[in-house]
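Undergrad: Provided below for reference: sequence and predicted model.
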Amino acid sequence: MKHLKKIMVLALAGLALASCVNPSKTSEPAGDGDSKTVTIGYTQFPENIDPAAEYNGWFTVRYGVGETLFKMDDKLEVKPWLAEKIEAVSDLEWKITLKDKVTFQNGEKMTGEKVKASLERLIKTSERAASDMGIDSISAEGQTVTIKTKAVQPIMANLLAEPYSAIVDTTGKSASDKAPVGTGPYMVTKYTSESGAELKAYDDYWDGKPKVANLKIKYFSDPTAISAALKSKEVDAVYGLPYANLSTYASDKNYKISEVEGSRYLAYYYNFENPYVADDKFRQALDTLVDKKTYSESLFKGSAVPAVGPFPKGFAFALQKSVHEFNVDKAKKLLDEAGYKDTDGDGYREKDGQKVSIELLSFTRLPEMPLAVEATQQQLKEVGIEATIKKVEVSAVASEKDYAFTPYAVVAAPIGDPYAFFNSAVKTNGTANIGHYSNPEADKKIEELATETDPAKRNQLSKEIQEIMDKDYGFTIIGFFKVALVMDKSVSGLESHPTDYYHVSNKLSKE
């Protein structure tokens, strides 16, 4: 553990030092001191904000460009947003009544036909959405939309709150081909994938004219630079600040922090195509070497809480107890039993006459990710496993083949229900099952969950699926991070939310 503590100290010192330097060449003050402009810095910025593309809908909603028919409240319970209500006509049919006064950012009224076209485009474009929703047909009449499904769909309102369901005018033309024509308080005027976006208020926004006329989104590829940008007033607010720097702002009266307990976990996804990982005892040894408590409390500076499973314990469908334990001696014993032994005395284990060497992936979607991987690399070395780290872009993770495990950060229940996560990340051949995990028993229970309407039975099925995942050591869920927006004291109306995708609204203002 001495080596692990040393690497934590060095890594955290590096973060603190780097935050004092701004590698960005721009020194433009946020909004030129103009109270009509708010500039927000982000460490994530997609190629576009088409909600039907990848997970880009999160940014469509974050930037106040797009909205969904339903919305998750602070308790992650689903409520109407662009819709007035939803009614189950039959087991396979849902009728949605729309708000009457909503318009798109081009002035066109949001009608049933417009919503129908938007949802049809979604399920045609997004394999993930099509798989989650199971829609057979959509019809529209006036301000109502009727959705028919191929099978019983008990969580349609929740799925219509998922950011990929943001309603867009499919025939509308935006000022940028990187952004849709949505219904939100801000519309994109300029979008540059490498640097950021410029937006202006949509004055006829259905829920009231926005308080700030202009919004700028600034992208920082280096998460350590974002703190310096806030200090220099290059930006008014930031999201994605390294947690090692958060305490600095908490004690400074010139700044405000909006922070909530979040459900975004940091995990290791094991690659079952790797021959070592496919060995049950080797994979269990990897899991047993992860010290969740120390990572959360020391490496992540107390900004995370150790996780039991993919969902925080507060959810009724969450796993409450895990087979995971941090035990270095047990990891060594597992490796010995599986035939991984140091036979030549060089400090590294061999199997069948070959030195055991594995590759770990690393990327900086969260600044804490590389720290975790480096700490685990050191733990592996202490038990005689050589591990090299390959730095990749997050977009390249799914195409990598030879690695043993990769860090990954996910909000597993952003719509207050576990099914979408299981269907995409856990089910065999799921669209987000990047590690190729597969268990027929889990698959069967996921299929049952898809159509189960009884809440108690849904909760039980969810726990049973997690128990299978847990005993398989298919994932090591390390901890849950808090959601934090840090801003200059002049900014208001910018609030964190447990979902992690509601940021900008018409209430955003600046003194």
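TA: Right, received. Where do you want to start? Numbers count the residues shown, from 1 in each chain.
Undergrad: quick one: the helices in the stretch 251-400 of the chain?
TA: Remark: helices assigned in the stretch 251-400 of the chain by DSSP state H, counting those that start in this stretch are 280-288, 292-294, 328-337, 368-382.
Undergrad: so for Lys109, which of the ones you listed sits nearest?
TA: Taking C-beta to C-beta, helix 368-382 is the member of these nearest to Lys109, at 44.3 Å. Bear in mind the C-beta positions are built from the backbone N, C-alpha and C, glycine included.
Undergrad: contact partners of the closest one?
TA: 3-4, 7-8, 11-12, 15, 242-243, 266, 268, 286, 289-291, 295, 299-300, 303-304, 328, 358, 360-364, 386-387, 389, 391, 407, 409, 478, 481 (C-beta atoms under 8 Å, 6 or more residues apart in numbering).
Undergrad: then stretch 396-408?
TA: For stretch 396-408, the external contacting residues (C-beta under 8 Å, 6+ apart) are 266-271, 273-274, 276-277, 286, 358-363, 369, 372-373, 387, 390, 392, 434-435, 476.
Undergrad: generate the ChimeraX command that creates a selection of the buried members of these.
TA: Command for ChimeraX that selects the buried part of those, burial taken from 16 or more other C-beta atoms under 10 Å:
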select :266,267,268,269,270,271,274,276,277,286,358,359,360,361,362,363,369,372,373,387,434,435,476
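Undergrad: what about the contacts of stretch 396-408, which are in strands?
TA: Under the assignment DSSP state E, the contacts of stretch 396-408 contribute 266-270, 358-362, 387, 390, 476 to strands.
Undergrad: okay, the residue nearest the centre of the chain: pLDDT?
TA: In the chain, the residue lying closest to the centroid (C-alpha atoms, centre = their mean) is Val410, at 3.9 Å. You'll see Val410 listed with a pLDDT of 90.
Undergrad: helix/strand/coil for it?
TA: Per DSSP: H, G, I helix; E, B strand; the rest coil, the secondary structure class of Val410 is strand.
Undergrad: how about it: what's its closest non-neighbour residue?
TA: Once flanking residues are discounted, Val410 sits nearest to Tyr265: 6.1 Å by C-beta to C-beta, 6 or more residues apart in numbering.
Undergrad: for the one you found, grab the count of nearby residues.
TA: 22 (other C-beta atoms under 10 Å).
Undergrad: repeat for Asp402
TA: Asp402 is flanked by 12 other residues according to other C-beta under 10 Å.
Undergrad: distance of it from Asp287?
TA: 20 Å (C-beta to C-beta, to the nearest Å).
Undergrad: how far away is the residue of the chain most remote from its centre from Gln354?
TA: Residue farthest from the centre of the chain, counting by C-alpha atoms, centre = their mean, is Asp344 at 44.4 Å. Look at Asp344 and Gln354: by C-beta to C-beta, they are 11 Å apart.
Undergrad: Ala413 too?
TA: Ala413 is 42 Å from Gln354, by C-beta to C-beta.
Undergrad: so which of the two has more stuff around it?
TA: More neighbours surround Ala413 than the other of Ala413 and Gln354, with 24 against 8 (other C-beta under 10 Å).
Undergrad: helices or strands up against the host helix or strand of Ser118?
TA: Using DSSP states H and E, Ser118 sits in helix 112-125. Contact partners of helix 112-125 among helices and strands, from 3 or more C-beta pairs under 8 Å, 6 or more residues apart in numbering; DSSP states H and E: strand 93-98, helix 127-133, strand 135-141, strand 144-149.
Undergrad: for it, what is the average pLDDT?
TA: Over the span of helix 112-125, the pLDDT mean works out to 98.
Undergrad: buried residues in stretch 282-298?
TA: Going by neighbour count (16+ other C-beta under 10 Å), the buried part of stretch 282-298 is 282-292, 294-298.
Undergrad: nearest to Pro163, of the helices of the stretch 251-400 of the chain?
TA: Proximity to Pro163 (C-beta to C-beta) singles out helix 368-382 among those, at 22.4 Å.
Undergrad: compute the inter-axis angle for that closest one and helix 280-288.
TA: Going by axes from the mean of the first three to the mean of the last three C-alpha atoms, to 10 degrees, helix 368-382 is angled at 120 degrees with respect to helix 280-288.
Undergrad: centre of the chain to helix 368-382, how far?
TA: 22 Å (C-alpha atoms, centre = their mean, to the nearest Å).
Undergrad: ditto for stretch 70-77
TA: On the basis of C-alpha atoms, centre = their mean, stretch 70-77 sits 17 Å off its chain's mean C-alpha point.
Undergrad: stretch 116-128 too?
TA: Its chain's C-alpha centre and that of stretch 116-128 lie 21 Å apart, by C-alpha atoms, centre = their mean.
Undergrad: can you check stretch 117-133 too?
TA: 20 Å.
Undergrad: same thing with stretch 486-496?
TA: 22 Å.
Undergrad: so where is this structure shaky, pLDDT-wise?
TA: 1-34 (pLDDT under 70).
Undergrad: just checking, Ser303 touches Pro242?
TA: No. The criterion here is C-beta atoms under 8 Å, and Ser303 misses it with Pro242 at 9.3 Å.
Undergrad: report the two of the buried residues of stretch 282-298 separated the most.
TA: For the buried residues of stretch 282-298, the maximum inter-member distance is 27.7 Å, found between Phe282 and Glu297 (C-beta to C-beta).
Undergrad: list the buried ones in the helix holding Ser118?
TA: Buried residues in helix 112-125, defined by neighbour count with 16+ other C-beta under 10 Å: 112, 114-119, 121-123.
Undergrad: let me know the closest of the residues you listed to Glu259.
TA: Using C-beta to C-beta, Leu122 is the member of these that lies nearest Glu259, at 32.2 Å.
Undergrad: distance of Leu360 relative to Val397?
TA: According to C-beta to C-beta, Leu360 and Val397 sit 12 Å apart.
Undergrad: let me fix that, I meant to ask about Asp177.
TA: Using C-beta to C-beta, Asp177 is found at 27 Å from Val397.
Undergrad: and those two? which has more neighbours close in?
TA: Shown here are Asp177 and Val397; by other C-beta under 10 Å, Val397 has more neighbours (19 against 11).
Undergrad: from Gln143, how far off is that one?
TA: 42 Å.
Undergrad: next one: Gly112
TA: Applying C-beta to C-beta, the value for Gly112 to Gln143 is 6 Å.
Undergrad: which residues do those two both contact?
TA: In contact with both Gly112 and Gln143: Leu98, using C-beta under 8 Å, 6+ apart.
Undergrad: who's in contact with the residue lying closest to Glu386 once chain neighbours are set aside?
TA: Closest residue to Glu386 apart from its sequence neighbours, by C-beta to C-beta, 6+ apart: Ser357 at 4.3 Å. Counting by C-beta under 8 Å, 6+ apart, Ser357 touches 348, 385-388.
Undergrad: Gly196 too?
TA: Shown in contact with Gly196 (C-beta under 8 Å, 6+ apart): 45, 216-219.
Undergrad: need those in a markdown table with neighbour count, can you?
TA: Converted to a markdown table, the contacts of Gly196 look like this (neighbours: other C-beta atoms under 10 Å):
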| residue | neighbour count |
| --- | --- |
| Phe45 | 20 |
| Lys216 | 19 |
| Ile217 | 25 |
| Lys218 | 23 |
| Tyr219 | 18 |
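Undergrad: just these now: which is nearest Ala151?
TA: Nearest to Ala151 among these: Phe45, at 37.0 Å, using C-beta to C-beta.
Undergrad: just give the nearest non-adjacent residue to the closest one, would you?
TA: Per C-beta to C-beta, 6+ apart, closest to Phe45 is Tyr219, 3.7 Å.
Undergrad: look up how far Gly41 lies from the one you found.
TA: Tyr219 is 8 Å from Gly41, where distance means C-beta to C-beta.
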